[in-house]
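Visitor: I'd like to go over a predicted model; first the sequence, then the structure.
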Amino acid sequence: MSTDKKEDPRSIRTKEMFKNAVLQLLSAGEKTSSLTVQKVAQAAKLNRTTFYLHYHDIQELIEQLTREIMEEISIQIMTLIDTKDLSEKEQLTKLLDNLYSHREYLLILFDNDEFEEKLFIFFQQLVIKRRENSKQILPENYVTVDIKTASLIGVIMWWIRKGLHFSSNYIANQIYLLYKSESTG
């Protein structure tokens, strides 16, 4: 329900309240499939009529929330791809710091297959671009982009779900060592 006109600050605030309510309910263990307009409106301390002024249904709200988070992650990844003044480890650490700052949302969204697929595509683009930017000729038996992307997402998902006691710098170093050792062995 977007328009080309500048959105009213009250409308923006209301939408944020609904988004936060969804995230609050999901982080409390509510399943996406059991969310209702009534539950979300109640958690936002707003009413159903107000909900319907901004969203067609719960699915539209969840899709918008997912899209916004993915856009932010995408911008971060694209910025890192284009950054020339940071080392690989520094770039990876910066990306992990960003993901860490969104960890609560990511934990919820990881259960959404569509989100995981979009995340895979973003990281796949990162791996492809890094290979294109590399001056090395890759050997024929080099790990495929899909496998490398899947392993990177697997490590990140594990870190966000269970390994948060490790710093983003530590995880970046481990990922860096993992991928550097692949080219030497």
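Guide: Received the coordinates, thanks.
Visitor: in terms of secondary structure, what does the lengthiest helix in the chain contact?
Guide: The residue-count maximum for a helix in the chain (DSSP state H) belongs to helix 58-82. Packing partners of helix 58-82 (3 or more C-beta pairs under 8 Å, 6 or more residues apart in numbering; DSSP states H and E): helix 9-27, helix 37-44, helix 88-101, helix 103-109, helix 113-133. Every residue, glycine included, has its C-beta placed from N, CA and C.
Visitor: let's see 6 Å
Guide: Judged by 3 or more C-beta pairs under 6 Å, 6 or more residues apart in numbering; DSSP states H and E, helix 58-82 is in contact with helix 88-101, helix 113-133.
Visitor: which parts of it are buried?
Guide: Going by neighbour count (16 or more other C-beta atoms under 10 Å), the buried part of helix 58-82 is 58, 61-62, 64-66, 69-70, 73-74, 76-77, 80.
Visitor: now flag whichever of these is closest to residue 149.
Guide: Distance to residue 149, by C-beta to C-beta, is smallest for residue 77 among the buried residues of helix 58-82, at 11.8 Å.
Visitor: correct me if wrong: the closest one contacts residue 125.
Guide: No: taking contacts as C-beta atoms under 6 Å, residue 77 lies outside contact range of residue 125: 7.2 Å.
Visitor: state the pLDDT value of residue 41.
Guide: For residue 41, the pLDDT comes out at 97.
Visitor: just name the most buried of the helices and strands packed on helix 58-82.
Guide: helix 88-101 (a mean of 18; mean count of other C-beta atoms under 10 Å).
Visitor: could I get the average pLDDT for that one?
Guide: Mean predicted lDDT for helix 88-101 stands at 82.
Visitor: that older thread, so what's the gap between the longest helix of the chain and the chain middle?
Guide: A distance of 6 Å separates the centroid of the chain from that of helix 58-82, by C-alpha atoms, centre = their mean, to the nearest Å.
Visitor: what does that helix contact?
Guide: Outside of helix 58-82, the residues within contact range by C-beta atoms under 6 Å, 6 or more residues apart in numbering are 18-19, 35, 55, 91, 95, 98, 105, 115, 118, 122, 126, 129.
Visitor: so which of the residues you listed is the closest to residue 41?
Guide: residue 18 (7.7 Å).
Visitor: was I right to think the closest one contacts residue 43?
Guide: No: using C-beta under 6 Å, residue 18 is not in contact with residue 43, being 8.8 Å away.
Visitor: ok, the two, which is more surrounded?
Guide: residue 18 (23 against 19; other C-beta atoms under 10 Å).
Visitor: spit out the contact partners of that one.
Guide: Contacts of residue 18 by C-beta under 6 Å, 6+ apart are 44, 61.
Visitor: ok, it to residue 52 distance?
Guide: Here the distance between residue 18 and residue 52 works out to 11 Å (C-beta to C-beta, to the nearest Å).
Visitor: I appreciate the help and will end here.
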